[in-house]
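Asker: everything below, folded, please.
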Amino acid sequence: MYVDRQTAAMYELRFYKRYFPHTLRMLKGLRKEWASVPNQFPRLLEELDLTIEYITGKL
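Answerer: Okay, the predicted model is just below:
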């Protein structure tokens, strides 16, 4: 359930265009940290990558 909430929160960040620059910096930092953690939840990393890709395409 915890992972589902986190992935949903990342998805929802796509709807706050005003915050895209800050959101992108924050997500890229999380990506770097989470990628270095062994056994990280793959769904979190996947949603993180998808959200980064979406926001990057909109800037």
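Asker: show me what contacts Asp49?
Answerer: Asp49 makes contact with Arg31, according to Cβ atoms under 8 Å, 6 or more residues apart in numbering. C-beta here means a position set from N, CA and C on the backbone, and glycine is covered the same way.
Asker: next one: phi and psi at it?
Answerer: The phi/psi pair for Asp49 (degrees, to the nearest 10) reads phi -60, psi -40.
Asker: find me the pLDDT at it, would you?
Answerer: The per-residue pLDDT reported for Asp49 equals 96.
Asker: quick check, central residue of this protein?
Answerer: In the chain, the centroid-proximal residue (Cα atoms, centre = their mean) is Leu48; its distance is 2.9 Å.
Asker: find the nearest non-adjacent residue to it, please.
Answerer: Arg31 (5.5 Å; Cβ to Cβ, 6 or more residues apart in numbering).
Asker: shouldn't Gln6 be in contact with Leu44?
Answerer: Yes. Using Cβ atoms under 8 Å, Gln6 is in contact with Leu44, at 5.8 Å.
Asker: residues touching Lys32, list them.
Answerer: By Cβ under 8 Å, 6+ apart, no residues touch Lys32.
Asker: which SSE is it in?
Answerer: Using DSSP states H and E, Lys32 maps to helix 20-35.
Asker: state the mean pLDDT of that helix.
Answerer: Rounded mean pLDDT across helix 20-35 is 94.
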